[in-house]
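Q: Provided below are the primary sequence and the corresponding predicted coordinates.
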Amino acid sequence: KIFSWAVIITNKQEPSILMKKVFEKAKEFIYRNARPLDFARFAYHFENGSLHAVLDALAFYQNEDGGFGHALEADSWNPNSTPSQTWYATEILREIGFTDASHPIMQGILNYLASGKDFDGHLWYIAVKSNNDYPHAPWWHTEKDTTGNNPSACLAGFLLRYAKKDSALYARGVQLAKEMYADFMKSEQQNDMHTLSCFLRLLEYTCEAGGQAVFDTAAMEAKLKTLIHSAITQDTRLWEISYVCKPSQFINSPESIFYPENREIAHFECEHIRKTQLDNGAWMIPWRWNDYPDEWALSRNFWQADVIIRNLLYLKAFGELQ
């Protein structure tokens, strides 16, 4: 393992003061730059803001078919519903701990997933051709609709968690989860951090739904522990200059099942977050678009607000923010 560790601060008061400054600078960026959805998320998590304000803002990205578009995932400005944008909505709902399956947003997502749109019978499309008609990052450009376990594993888990147990949609979720579990367990090519994150969600949703009989959740957890440990970039010198995998991709608190095997580097990320904050209160976005410079300037702002929220939640979970 290679760690570019800073000198460990031993004064207990100093870290608290430093983290307070991190928070205040981040808050300034949010108030000056965030879109309403991300402002509502920030307020909910850190200022006793309203859960319903987050839901109300999120609803503006939902289409009549129940799916999501309109640059909710800020690297694609496609207004049409897509699986990847809809997946992003489920991640926000999970972030705020919202589990009411009867809510119109949740029902809309279930309707979209039930419709068969952007679905080949086994997997949802990760990229759709209509992305090409709107400003987008190069990785969302495609000459044909393409499927993948990202985001399909997560969406299958969503069905297990929230579809009615006696419905055909739940039965579809069971079948898809079994197929994706089988693919995961037999494949050695699952080290992509985004795909691993989707399989992690499949495991979490399945356990929360009491669906351990759907597949062997213990076996999946054991394999995930090995793959996630390998996926985390141990050379922390690369964290500041490259788009790499950090512990927060999988670990959201010391209660995570993946924390024990990654304890030291998980705590190191807290110090890394403090050290790498920009003067404007945000953090560097380690990717960019080659085209659409005007839209990318806005999307970068959207991403910076999103990263602020995720970084502060990580610090809070590890006891670094009071």
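A: That came in fine, so what should we check first?
Q: just checking, Ile232 touches Leu238?
A: No. Taking contacts as Cβ atoms under 8 Å, Ile232 lies outside contact range of Leu238: 11.3 Å. (Glycine included, C-beta is placed from N, CA and C.)
Q: Compare those two and say which is more crowded by neighbours.
A: Neighbours were counted for Ile232 and for Leu238 using other Cβ atoms under 10 Å; Ile232 has more, 22 against 16.
Q: For the more buried one, give me its contacts.
A: Ile232 makes contacts with Cys245, Lys246, Pro247, Gln249, Phe250, Asn262, Ile265, as judged by Cβ atoms under 8 Å, 6 or more residues apart in numbering.
Q: Doesn't the last one belong to a strand?
A: Same thing as Ile265. No. The assignment for Ile265, made by DSSP: H, G, I helix; E, B strand; the rest coil, is helix rather than a strand.
Q: any idea how far Thr236 is from it?
A: 7 Å (Cβ to Cβ, to the nearest Å).
Q: burial of Gly319, as a residue count?
A: So Gly319, with other Cβ under 10 Å, has 11 neighbours.
Q: is it fair to say it lies in a strand?
A: No. Assignment of Gly319 by three-state DSSP gives coil, placing it outside any strand.
Q: Could you export stretch 105-114 as CSV, CA atoms only?
A: Extracted as CSV, the C-alpha positions of stretch 105-114 are listed here (Å, rounded to 0.1, in the frame of the first residue of the first chain):
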residue,chain,number,x,y,z
ILE,A,105,-42.1,10.0,-7.4
MET,A,106,-41.6,6.4,-6.4
GLN,A,107,-44.7,5.2,-8.2
GLY,A,108,-43.5,7.1,-11.3
ILE,A,109,-40.1,5.3,-11.2
LEU,A,110,-41.8,1.9,-10.8
ASN,A,111,-44.1,2.7,-13.8
TYR,A,112,-41.1,3.7,-15.9
LEU,A,113,-39.3,0.5,-15.0
ALA,A,114,-42.4,-1.6,-15.7
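Q: What are the contacting residues of that stretch?
A: 55, 58-59, 62, 65-68, 81, 86, 89-90, 93, 98, 100-101, 119, 124, 155, 158-159, 162-163, 169, 172.
Q: Produce a ChimeraX select command limited to the buried residues of those.
A: Buried subset of these, written as a ChimeraX selection, criterion 16 or more other Cβ atoms under 10 Å:
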select :55,58,62,65,66,67,68,81,86,89,90,93,98,119,124,155,158,159,162,163,172
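Q: Filter the contacts of stretch 105-114 down to just the ones in strands.
A: Among these, no residue falls in strands (DSSP state E).
Q: Return the subset of the contacts of stretch 105-114 lying in helices.
A: Here DSSP state H is the test, and these give 55, 58-59, 86, 89-90, 93, 155, 158-159, 162, 169, 172 as lying in helices.
Q: Was I right to think Gly66 contacts Ser81?
A: Yes. Assessed by Cβ under 8 Å, Gly66 is found in contact with Ser81 at 7.3 Å.
Q: State the three-state secondary structure for the closest residue to Ala127 other than its chain neighbours.
A: Nearest residue to Ala127 in three dimensions, chain neighbours excluded: Thr142, at 4.0 Å (Cβ to Cβ, 6 or more residues apart in numbering). Following three-state DSSP, Thr142 is assigned to coil.
Q: Can you pull the phi and psi angles for Thr142?
A: phi -150, psi 150 (degrees, to the nearest 10).
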